[in-house]
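> Here's my sequence, what's the structure:
(chains A, B, C and D)
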Number of protein chains: 4
Amino acid sequence: MTQERWISLTEWPLAVVGVVFITAYAVEVLDEPVGVNERLLELTIWASWAAFVVDYLIRLVLSTNRTRWFVRHLPELLIVALPVLRPLRLLRLLAVLAVLHRVTGRAIRGRVLMFTVVTVLVLIFVASLAILDTEREQADATIQTFGDALWWSITTITTIGYGDYSPTTLTGRFIAVGLMIGGISLIGVVTATIATWIVERVNEEDEANMVATREQINALHSEIRELRADLARGPGTSASADDPGVPVADGPTP
Amino acid sequence: MTQERWISLTEWPLAVVGVVFITAYAVEVLDEPVGVNERLLELTIWASWAAFVVDYLIRLVLSTNRTRWFVRHLPELLIVALPVLRPLRLLRLLAVLAVLHRVTGRAIRGRVLMFTVVTVLVLIFVASLAILDTEREQADATIQTFGDALWWSITTITTIGYGDYSPTTLTGRFIAVGLMIGGISLIGVVTATIATWIVERVNEEDEANMVATREQINALHSEIRELRADLARGPGTSASADDPGVPVADGPTP
Amino acid sequence: MTQERWISLTEWPLAVVGVVFITAYAVEVLDEPVGVNERLLELTIWASWAAFVVDYLIRLVLSTNRTRWFVRHLPELLIVALPVLRPLRLLRLLAVLAVLHRVTGRAIRGRVLMFTVVTVLVLIFVASLAILDTEREQADATIQTFGDALWWSITTITTIGYGDYSPTTLTGRFIAVGLMIGGISLIGVVTATIATWIVERVNEEDEANMVATREQINALHSEIRELRADLARGPGTSASADDPGVPVADGPTP
Amino acid sequence: MTQERWISLTEWPLAVVGVVFITAYAVEVLDEPVGVNERLLELTIWASWAAFVVDYLIRLVLSTNRTRWFVRHLPELLIVALPVLRPLRLLRLLAVLAVLHRVTGRAIRGRVLMFTVVTVLVLIFVASLAILDTEREQADATIQTFGDALWWSITTITTIGYGDYSPTTLTGRFIAVGLMIGGISLIGVVTATIATWIVERVNEEDEANMVATREQINALHSEIRELRADLARGPGTSASADDPGVPVADGPTP
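I've put the predicted structure just below:
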């Protein structure tokens, strides 16, 4: 079996596993179940993680050049390996987002924007769960409810940073750094999308000054090619009836 | 009646309704009238909302493909449907801005900038009214006057976030999220406008290296077409008097 | 006298007046002189303002179409008219910057960057003076020294907003809004400059895929024009000695 | 010896000196050694600085036009000259980064991004060391551990600015300004990279509407040149056998 086949086969199952993982993690953090339920949730979380590890290993084995694949997919290894630390499990979600990226298939700018919006929403949701999980047991922590956590995530990813809530633990700060990177990328994507949109609209308005396209150059090529064909047949052959005075083709008689 | 006709007919009336709505809402929040005046203002606010609902429904009925129109105008449905929650009524204003968008009709970049400036100003004004309306009854709220509310809106939309004022209620935070989205878009539009402006100026300065335009390609086309016409008439026919040494055309002798 | 001549004549004197104004304002705020010195500084400040008013009026009179000039230079009228309010006098500085803009004359991107850097530095300096002037007399103000004021201006224009210092007066908040607008423009200019620089470098590296330029199209034009000239002279005339076997031009003999 | 040869010879040694400098500075700040160790570290730090001064002077001497080189490399002079003030020694690191810049040699956008990521990481690390070195002896300072310093650097460079930590000394604020400039540039680079990436992807999708390239124009040139060569040989010579009805070439009969 080729790697491509494996990827296309596992796309949807992996997305489902990802959603199961987020749901289980959300229930665990927000409901704080005890006894059997807690162990069941933990089991679900670890099982979903195992699924991503197995998927990673199978793709590694199926790749044509394993060393190159390994080097190029180093970030994915980090995503799969890191989650031993509980609150950083959120990074595993990026694997699900990669699946989503492959599924959506419209124009590039719409796709980038949709991908960004979904990433930002998932990032805000999971970061809120993780920061709540990490911070609420701290004595001096300001983030105590899921509402606070959500509000803090949003003010961080938009780079507002009111400072009414801020993480106090090391893990909490790692989560914050992840959100900040997401926030700077978010601003970048929004700006870039608007900039390219403006450039296109400016072009459409000013038809005469639009950039010359390859299609136009190809049209020129075929025109020149026809000209050469005409030339090969010789002058006069393509002359129309309303052009009778052409003296050349009737041969010089002595 | 076609949808286009309806839209062009209702443009200005809807803008007036929008202005009436903002004014009524501003008076209600800032003056806090009681008795008859309060009921009158409430009536005005609900009437203006009804006008937007009716406009939405009529445009839906008049559209050629209703399902497609419905899907494509989903954000507008949200704008019309959401305002059941009082402080979120500000979103209805975006309908007015859409009207404004149709009215202004200059170069694309100027239009985008003007649209952004007006949106930002309206957003700041209405968000300030809404946050004041929501927060001032809270015991631990920091935003108590319209001046505070305005200052908070501005520091939020510019993503500064001093943190001297910040919303404490859920509705207040929803308003804040709206402002943040507006702020990131604002940065995006400003950057994009400057970037496209710089690109154009660079082009104008470096005339020789300007991007080839479609107009130029079209000029090439007509030149090649003339060349083919010349060829069709045969060599020599387009030769001018100051070009006597051409040996070909002396062909046919009588 | 034409308006152009007036502008080129007053460029440098106005820049000097601007520098005199900043210096006088800085001495007044930082030294807080009393008696004769204070009156002398006030006189200098009002005289420099008068110079800008006179320059504005003369340019208005000298313009070919006064109504259009008035409408197009509305922001400049605001700059000249507003400074009745003392701490907003900083806006007058923008007039000096306009002079600076005319003086620098290199490549567009370097010019934009240099203009931005100078504007940002002047804005930070004068905003610091103005906020200190406004805030230090307030009981609950946090900004008490020029160092604090400078630090606050920088954290505001970069949209950081620590919140350790923030204005409490209405005038102080107007100054803050000016800095925020400057900050968003600063981010826009920096991003736009980097973006256009990257696009150019990408083009230079990938020579074959560079965008077709107008110069190249013009070269094509002249080539086609030469082709037509050749055609006019007829085939064979441009044939070289190493091409003797051309049978056409020597006429069919019976 | 030419300047180019000197630069290529000293690339790697200077990078090593840079790493030695950061390590020594980190040990000095974090370990706070006393006695012999402290003097040894101080010696290492001053020696590494001397190496950068010598490199600067040699490149100045070897340059073909010393005045122009001096003016164009003014920022580098600042980097070399400034570090007399201890906590600003971090700026010397930029010299190491310049070396790194010369070493990496892939596509322009990847190179810019990699350069930015490394600069940001080094800037965060050294700014954290410097701010800790400066602030921890202050009575009212909030930054007391390396963890706090790192967290403050990250919230500053991403322009978040929670305000839970902020510098109180003058040197600390200079370091903050350096980080802010780095942060605005970071946002600029990220946005610009995404924008150019989107533009390229849009082009690749819409093959027919791709911008005309110089390669295509060159192909047109050679086609027209062949056409002229055909014309020089005269009509009919390039006619193929499957084109018998051409009346011209039957000219010369024996």
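> any idea how far stretch A:133-151 is from the chain center?
30 Å (CA atoms, centre = their mean, to the nearest Å).
> Is any residue of that stretch near chain B?
Yes - under the criterion of CB under 8 Å from any CB of the partner chain, chain B is reached by stretch A:133-151 at A:147, A:151. In this view, the C-beta of every residue, glycine as well, is placed from N, C-alpha and C.
> end-to-end on that stretch?
End-to-end span of stretch A:133-151 (CA to CA, to the nearest Å): 15 Å.
> And chain C, is that stretch touching that?
No - Stretch A:133-151 does not reach chain C (CB under 8 Å from any CB); its nearest approach is 14.6 Å.
> List the buried residues for that stretch?
A:133, A:134, A:135, A:136, A:141, A:143, A:146, A:148, A:149, A:150, A:151 (16 or more other CB atoms under 10 Å in any protein chain shown).
> Next, format the residues you listed as TSV and append secondary structure.
Listed next are the buried residues of stretch A:133-151 as TSV, based on DSSP: H, G, I helix; E, B strand; the rest coil:
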residue	secondary structure
A:133	helix
A:134	helix
A:135	helix
A:136	coil
A:141	coil
A:143	coil
A:146	helix
A:148	helix
A:149	helix
A:150	helix
A:151	helix
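> What is the nearest of those to chain C?
residue A:151 (16.3 Å; CB to the nearest CB).
> Surely that closest one and residue B:174 touch.
No - using CB atoms under 8 Å, residue A:151 makes no contact with residue B:174, being 10.3 Å away.
> just to revisit the earlier point, just the buried residues of stretch A:133-151: which has the poorest pLDDT?
Least confident entry in the buried residues of stretch A:133-151, by pLDDT: residue A:141, with 82.
> Look up phi and psi at that one.
Backbone torsions of residue A:141, given as degrees, to the nearest 10, read phi -70, psi 140.
> Tell me who's in contact with it.
A:135, A:167, A:168, A:169 (CB atoms under 8 Å, 6 or more residues apart in numbering or on different chains).
> before we move on, what about residue A:183?
A:156, A:157, A:158, A:159, D:158, D:160.
> With respect to chain B, which of these is nearest?
Each of those was scored against chain B by CB to the nearest CB, and residue A:158 proved nearest at 4.2 Å.
> pLDDT wise, what is the closest residue to chain C within the stretch 51-200 of chain A at?
Nearest residue of the stretch 51-200 of chain A to chain C, counting by CB to the nearest CB: residue A:163, 5.5 Å away. Residue A:163 carries a pLDDT value of 82.
> hang on, it in a helix?
No - using three-state DSSP, the assignment for residue A:163 is coil, not a helix.
> Does it touch residue D:164 like I think?
Yes - taking contacts as CB under 8 Å, residue A:163 lies within contact range of residue D:164: 5.9 Å.
> Look at these two and report which has more neighbours.
Ranked by neighbour count (other CB atoms under 10 Å in any protein chain shown), residue A:163 and residue D:164 place residue A:163 first, with 25 against 20.
> Give me the phi and psi for that one.
The phi/psi pair for residue A:163 (degrees, to the nearest 10) is phi 90, psi 0.
> Let me see the contact set for it.
So residue A:163 contacts B:161, B:163, C:162, C:163, D:161, D:162, D:163, D:164 (CB under 8 Å, 6+ apart).
> helices or strands next to the helix or strand harbouring residue A:125 in the packing?
Per DSSP states H and E: residue A:125 is located in helix A:108-135. Packing partners of helix A:108-135 (3 or more CB pairs under 8 Å, 6 or more residues apart in numbering or on different chains; DSSP states H and E): helix A:3-31, helix A:93-103, helix A:146-157, helix A:170-205, helix D:170-205.
> Kindly compare burial across these and name the winner.
Comparing the helices and strands packed on helix A:108-135 by mean neighbour count (mean count of other CB atoms under 10 Å in any protein chain shown), helix A:146-157 ranks first with a mean of 24.
> what's the spacing between it and its chain's center?
Distance, centroid of helix A:146-157 to centroid of chain: 23 Å (CA atoms, centre = their mean).
> Near residue A:159, how many other residues are there?
Neighbour tally, residue A:159, other CB under 10 Å: 29.
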